[in-house]
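> Could you look at this predicted model? Sequence included:
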Amino acid sequence: MQFRQQALSKLQSPEELDLPVRFARPQGRLVLFVTVVVMAAACFWAVTGSVSSTIDAPGILTHAQGSYVLQSPVAGQITGVFAQEGQTLAADAPLLKVRTAQGDRTVRAIAAGRLTSLSATIGSVVATGANVASVERTDGAEDPLIAMLYLPGDSVASVPVGASVDLAVQSVPGEQYGVLRGQVAAVGRAPQTKEQIAAFLGDAQLAEQFSQHGRPVGVLVKLDPAPGTKSGYRWSSAGGPPFAVASMTLAAGTVHLADRRPIDWLLP
């Protein structure tokens, strides 16, 4: 009964129209103002701003012509070695002398290039078709380097020709000299097998490393030249390292894709 009487007395009392009504507290107005400002800034950024994305991939510095594996055409014992690793060979240059049942035979380079690895030593015995050396094809000491990156097949479709690339070179301290600059020159049309990678690099172990997550697609990166630097290429630091970078050096590449407006990511 007490509550009923209070309700009836409340209904019978006149409306207090002369009393001020508070629509919002000062703290509420501040929150509303901040929310409006944030929403306006977000809308402005969605229309005029951009979002950049990147793809990371392992790679290697090499020459555009690739390498080849030299195999012994005969079986026998090696009695002479005529070149050392790092040496430049002319086409048909003698590399090894092998003593066979029919006499001494000379193993020669197939094409001109730089001898990157030599597994044969004097006194060792080789079988016909055994790998004895790897030679990187070059036209000369001035032949420019390129970078070959190996990307997963499902991500390579978004990589355009001309995209900028940053390369962290294994032999160059990045915290001191920065990264090597380049641009995508070509994108492979199909994934490569380990055998195809090994044939181009002349190294089965590297082919295994680049294929450990499946068959990758090769992306050729042209390095930005900078004749005034020791390396001959452009770096993120002023002059780059005070020494030349060698081919067959591992590098980690970051491909910068074209910037997209945020609204493009939200619209179907």
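All right, it came through fine.

> Tell me which helix or strand residue 104 sits in.
Using DSSP states H and E, residue 104 falls within strand 103-108.

> and that strand, which strands flank it?
In the sheet containing strand 103-108, its partner strands are strand 94-100 (antiparallel), by DSSP bridges.

> Would you mark the buried spots in the strand it pairs with?
95, 96, 97, 98 (16 or more other CB atoms under 10 Å). C-beta: built from backbone N, CA, C; applies to glycine.

> hang on, the earlier thing: run the chain-centre distance for the strand holding residue 104.
Chain-centre distance of strand 103-108: 42 Å, with CA atoms, centre = their mean, to the nearest Å.

> again with stretch 123-142
Distance of stretch 123-142 from the chain centroid (CA atoms, centre = their mean) equals 28 Å.

> try stretch 191-209
A distance of 16 Å separates the centroid of the chain from that of stretch 191-209, by CA atoms, centre = their mean.

> Report the rounded mean pLDDT for that stretch.
Averaged across stretch 191-209, pLDDT comes to 92.

> Let me have the buried residues of strand 94-100 in JSON lines, extended by pLDDT.
Below are the buried residues of strand 94-100 laid out as JSON lines (pLDDT from 0 to 100):
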{"residue": "95", "pLDDT": "94"}
{"residue": "96", "pLDDT": "94"}
{"residue": "97", "pLDDT": "95"}
{"residue": "98", "pLDDT": "95"}
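
> Dump these into JSON lines; add distance to residue 58 as well.
Shown next, in JSON lines, are the buried residues of strand 94-100 (distance: CB to CB, whole Å):
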{"residue": "95", "distance to residue 58": "30"}
{"residue": "96", "distance to residue 58": "33"}
{"residue": "97", "distance to residue 58": "38"}
{"residue": "98", "distance to residue 58": "37"}
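
> Quick check: the farthest pair among these?
The largest distance within these, taken as CB to CB, falls between 95 and 98 and amounts to 10.2 Å.

> For the closest residue to residue 145 other than its chain neighbours, give me its contacts.
Spatial nearest neighbour of residue 145, excluding adjacent residues (CB to CB, 6 or more residues apart in numbering): residue 61 at 5.1 Å. By CB atoms under 8 Å, 6 or more residues apart in numbering, the residues touching residue 61 are 145, 146, 147, 167, 169, 245, 246, 247, 248, 249, 250, 251.

> Filter those residues down to the buried ones, PyMOL style.
A single PyMOL command suffices to select whichever of those are buried according to 16+ other CB under 10 Å:
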select buried, resi 145+146+147+167+169+245+247+248+249+251
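
> Any stretches of this protein with poor pLDDT?
Low-confidence segments of the chain, defined by pLDDT under 70: 1-34, 36-38, 40-52, 141, 258-268.

> Apply 50 and report the result again.
The chain contains residues with pLDDT under 50 at 17, 45, 49-51, 262, 265-268.

> For it, just list every one of the helices.
2-12, 26-48, 174-177, 194-201, 204-210, 262-266 (DSSP state H).

> nearest residue to residue 155 other than its sequence neighbours?
Leaving aside its sequence neighbours, residue 155 sits nearest to residue 55 (CB to CB, 6+ apart; 5.6 Å).

> how many other residues sit next to the one you found?
Neighbours of residue 55 under the rule other CB atoms under 10 Å: 19.

> got it, and residue 190?
11.

> same check, this time on residue 140
Residue 140: 8 surrounding residues under other CB under 10 Å.
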